[in-house]
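**Student:** Build me a structure from this.
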Amino acid sequence: MTPEPESQGVPWGEYRPLGVDPHDPKFTPKPDAVLAAVETFCRRYLGLHEGTWLPLALWAIGTHLFEKFMTYPYLAIVSALPGCGKTRLLEILALVSCRPWLTNTATPAVLFRKIASDRPTVLIDEAESLSNPKSEAAQALRSILNAGYRAGGSVSRCEPPKFKPVDFDVYSPKAFTVIGRLPDSVSDRCIVIAMQRHGRADRLERFTQRRVKGEVEAVRWSVESMVDQIRDAVAEAYERMPDLAFLRDREAEIWEPIFALCSVISPNRIPELQACAERLSGSKTAARQDDSYALRLLSDCRDVWPVDTESLPTKELVRLLSEIEDAPWFSGMGQRAEYELSARKLARLLRGFDIVPRNIRDGGAVLKGYLRSDFHAAFGHYLLRGGDLSATPLQGP
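**Tutor:** Okay, the predicted model is just below:
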């Protein structure tokens with residue numbers, strides 16, 4: 001298991017504004033102090049996992065010189081439920097990123113034209129349509145995202161009045177919020193930030209645009225001033241970047257710009273960044289492993305469901321599944337399951353098929369369980385006759 005990264009940024013309770021005049025030409029910001037200021041500014045208003053702050057701050061700073069890199073990772077801000085602060089994170093990124101463009105209504109046609117003309121940092125709120133395989137708009141958006149993380153990436157469209165093919169360059173930094181799961185082709189290009197609702201114990205300040213915009217002026221000016229100083233050094237560090245052997249090929253490719261930035265801005269934090277990258281990349285791998293089990297689980301649910309039984313308590317369904325000897329959840333005869341099922345894991349795997357636990361009656365008691373009728377559509381869409389698995393990819397909720 002990847003060790004928890006130990007942050008070396010400014011502790012949350014010790015945050016102070018940089019206290020500089022943004023118009024003072026004699027002020028030369030120290031790169032590591034600017035990085036810490038961006039981190040701790042974000043900490044004031046967001047409750048995130050400790051291993052998220054450093055990559056998040058570096059990503060925001062990197063939007064000011066993304067053109068120095070062959071690729072630049074997307075930031076996917078995901079949660080299982082609404083109300084977890086995803087939009088707030090986009091609003092904060094808009095305060096420190098380069099040429100921010102925050103939108104939730106832009107059509108794909110507007111999006112690729114805007115990117116080609118302005119090279120903004122694109123911040124898309126509510127991008128849930130990405131997971132809809134039947135939506136033409138979602139397919140167009142995925143094509144932009146599939147191409148736009150790499151320098152020179154383009155999409156081709158026929159432009160009036162003569163409808164000649166035109167290539168639109170769509171390379172730019174992009175961040176977007178999603179409830180649920182991302183298609184694998186998009187996830188491959190992302191640093192994924194998973195968010196949860198914060199509790200009362202989280203010491204977060206109230207975010208208001210009027211007050212925050214004035215407070216962040218010095219931080220943003222310091223970022224822009226620092227970037228002008230380090231631009232060439234970052235480009236050189238990127239060219240000489242050693243192999244990130246602890247990551248898979250695609251993961252290494254999208255993380256290289258972040259490591260190049262860190263090696264120039266705060267080289268002593270490279271070990272911390274490595275721990276962050278391993279944890280965030282490992283979370284994506286674990287989620288994909290769940291997907292690989294999902295179709296098998298659906299097939300096994302069909303096989304073990306008792307005839308003429310309309311509902312099953314969750315506990316009973318887990319027990320029946322755990323008795324299938326060749327299944328990854330088999331745990332009989334003293335054997336430890338390859339994938340140990342629980343009520344929560346069962347619900348997570350089935351959620352991608354729009355199957356959720358319900359209140360059911362078992363004798364005189366009301367328990368959490370499942371209705372056979374809720375499985376019918378998924379059986380037809382994802383399973384072939386004879387119990388074979390369909391080749392239809394699972395896109396998630």
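**Student:** How about Asn146, nearest residue that isn't a chain neighbour?
**Tutor:** Ser185 (5.6 Å; C-beta to C-beta, 6 or more residues apart in numbering). The way it works is simple: take the backbone N, C-alpha and C, and place the C-beta from them, glycine included.
**Student:** repeat for Leu95
**Tutor:** With sequence-adjacent residues excluded and distances taken as C-beta to C-beta, 6+ apart, Leu95 is closest to Val216, at 4.7 Å.
**Student:** Could you give the number of residues near the one you found?
**Tutor:** Close neighbours of Val216, defined as other C-beta atoms under 10 Å, add up to 18.
**Student:** got the contact list for Pro55?
**Tutor:** By C-beta atoms under 8 Å, 6 or more residues apart in numbering, Pro55 lies in contact with 191, 258, 273, 276-277, 280.
**Student:** can you check Ile258 too?
**Tutor:** Going by C-beta under 8 Å, 6+ apart, the list of residues near Ile258 reads 55, 58-59, 62, 73, 191, 273, 277.
**Student:** from the residues you listed, which two are the most distant?
**Tutor:** Based on C-beta to C-beta, the longest span within the contacts of Ile258 runs between Gly62 and Ala277 and measures 14.1 Å.
**Student:** how about the strands in the chain?
**Tutor:** Assigned by DSSP state E, the chain shows strands spanning 74-79, 100-103, 121-124, 154-159, 164-169, 174-179, 190-194, 311-313, 358-362, 365-371.
**Student:** can you redo those strands as a markdown table with mean neighbour count, mean pLDDT and distance to Ala294?
**Tutor:** Shown next, in a markdown table, are those (neighbours: other C-beta atoms under 10 Å; pLDDT from 0 to 100; distance: least, C-beta to C-beta, whole Å):
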| stretch | mean neighbour count | mean pLDDT | distance to Ala294 |
| --- | --- | --- | --- |
| strand 74-79 | 23 | 90 | 17 |
| strand 100-103 | 18 | 94 | 32 |
| strand 121-124 | 25 | 96 | 27 |
| strand 154-159 | 14 | 90 | 31 |
| strand 164-169 | 13 | 92 | 36 |
| strand 174-179 | 25 | 90 | 18 |
| strand 190-194 | 21 | 90 | 18 |
| strand 311-313 | 19 | 94 | 18 |
| strand 358-362 | 13 | 88 | 19 |
| strand 365-371 | 15 | 92 | 15 |
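**Student:** Nearest to Trp221 among those would be which one?
**Tutor:** Comparing those by C-beta to C-beta, strand 100-103 comes nearest, at 15.2 Å.
**Student:** For the closest one, which helices and strands make contact with it?
**Tutor:** Secondary-structure packing of strand 100-103 (3 or more C-beta pairs under 8 Å, 6 or more residues apart in numbering; DSSP states H and E): helix 86-96, strand 121-124.
**Student:** was I right about Asp300 contacting Glu325?
**Tutor:** No: using C-beta atoms under 8 Å as the test, Asp300 is too far from Glu325 to be in contact (11.4 Å).
**Student:** starting at the chain centroid, how far to the longest helix along the chain?
**Tutor:** In terms of residue count, the longest helix belonging to the chain (DSSP state H) is helix 270-304. Mean-position distance between helix 270-304 and its chain equals 13 Å (C-alpha atoms, centre = their mean, to the nearest Å).
**Student:** Packing partners of that helix?
**Tutor:** Checking 3+ C-beta pairs under 8 Å, 6+ apart, helix 270-304 ends up next to helix 53-62, helix 184-187, strand 190-194, helix 249-265, helix 314-321, helix 343-351, helix 376-382.
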